[in-house]
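K.L.:
could you work out the structure for the sequence below:
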Amino acid sequence: MERRSCLAVLAALGVLLAGCDGQTGPWAADSGPDGIEASGPLAPEKLIGAWTISGLDDPGGGTVLHLAHREVQLVGTRCGILGGSWRADTDGVFLADIDSAYVDSTEGVPGCERAAQDTPEWLRRVTAYRFDGAGRPTLLDGRSRPVARLIPGATPTPGPNMLDSALDPPTVTDEARRDLAPAAPLPATLSPADQRRLVGRWVPGSGHRAAYVEFDANGEWRGSDGCNDSDGRWITADGGTLFALAGAVTLVACAASVPVEHWLWTARRAGFDGEALVLLDAQGRETGRLHPAV
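P.N.:
Got it, this is the predicted structure:
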């Protein structure tokens, strides 16, 4: 399987695909870092915009962060623009995954093909966010430590082969508000899933015998519908919260495939019914059920 790698000259920047160190929920409400609001539900739609990244210890990790509806762009990396997807919720959980790169030329830029496949180390550490008293976001790791502070009003300069409008600041849409609204709580009949119990290989109860999902302890997952391979990143949090971002997927048709990637992409909660892992969407509807591989 090949992950998405768009290393080509840009005539215009198209829409990027709408994929942890701390596989835990956000910190307790009264334990946020100094200067950061740490109580009450948050408004993740306020993350949408163009932000200058401040405080990174890796100057090659990008200078501008664009967050649109489900789409993330890192602008100003040595490989041009890196793109992928992100999720956040009102409890302060945040996850992002990079799966593509857009550069004017790959000549003289070693390692950029790999950069299109790997989320930068600093962004991998981010599992949560909070706003300060002025409404500016801070991205934090699983121990509530600031990883990067976001300063509003970033205006990156398009490259020589990009349209001037390619990097217009993202805006909040009604669709984004709906997508970022709180998910239905986990049904009382299910026990919340967490990282410890999710790590391992899971298979559907019926369908293609080669279908599976495997979660590792580093926040990566891989799987197959029986014919097509896919992978991405995942995170859990309190109350059975589960975010799973998907990277590339192969496109081979086969009979009796099981849409495990779709189950994960649409999941907002996960819980256990006995030994079965039950995935639910934002409305609390069951979308898939998996069992431990034996």
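
K.L.:
could you use CA atoms for every contact and neighbour count after this?
P.N.:
OK.

K.L.:
surely G83 is in a strand?
P.N.:
Yes: under DSSP: H, G, I helix; E, B strand; the rest coil, G83 sits within a strand.

K.L.:
so it sits against Q73, correct?
P.N.:
Yes: with contact defined as CA atoms under 8 Å, G83 reaches Q73; the gap is 4.4 Å.

K.L.:
those two: which has the busier surroundings?
P.N.:
When G83 and Q73 are compared for neighbours, G83 comes out ahead with 29 against 24, by other CA atoms under 10 Å.

K.L.:
which residues does the more buried one bridge with?
P.N.:
G83 has these beta-bridge partners by DSSP bridges: Q73, S100.

K.L.:
distance of it relative to L65?
P.N.:
Noted for G83: a distance of 10 Å to L65, by CA to CA, to the nearest Å.

K.L.:
overlap in contacts of those two?
P.N.:
Residues touching both G83 and L65 (CA atoms under 8 Å, 6 or more residues apart in numbering): V72, Q73, L74.

K.L.:
for stretch 187-207, give me every contacting residue.
P.N.:
Residues from elsewhere that reach stretch 187-207 (CA under 8 Å, 6+ apart): 23-24, 186, 211-217, 235-241, 256-258, 270-273, 277, 284, 289-293.

K.L.:
got any ranges where the protein has weak pLDDT?
P.N.:
1-39, 58-61, 103-109, 115-116, 157-166, 248-253, 255 (pLDDT under 70).

K.L.:
80 instead?
P.N.:
1-40, 57-62, 78-80, 102-117, 155-167, 207-208, 247-256 (pLDDT under 80).

K.L.:
break it down into its structural domains.
P.N.:
Structural domains assigned to the chain are 44-179, 191-292, following automatic domain parsing.

K.L.:
could the shared contacts of G83 and L65 go into JSON lines alongside distance to Y129?
P.N.:
Listed next are the shared contacts of G83 and L65 as JSON lines, based on distance: CA to CA, whole Å:
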{"residue": "V72", "distance to Y129": "15"}
{"residue": "Q73", "distance to Y129": "17"}
{"residue": "L74", "distance to Y129": "17"}
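
K.L.:
which one among those residues gets closest to L123?
P.N.:
L74 (10.0 Å; CA to CA).

K.L.:
list the buried ones in stretch 167-177?
P.N.:
L167, P169, A176 (16 or more other CA atoms under 10 Å).

K.L.:
and what about the second one, helix, strand or coil?
P.N.:
Three states are possible here, and by three-state DSSP the one that applies to P169 is coil.
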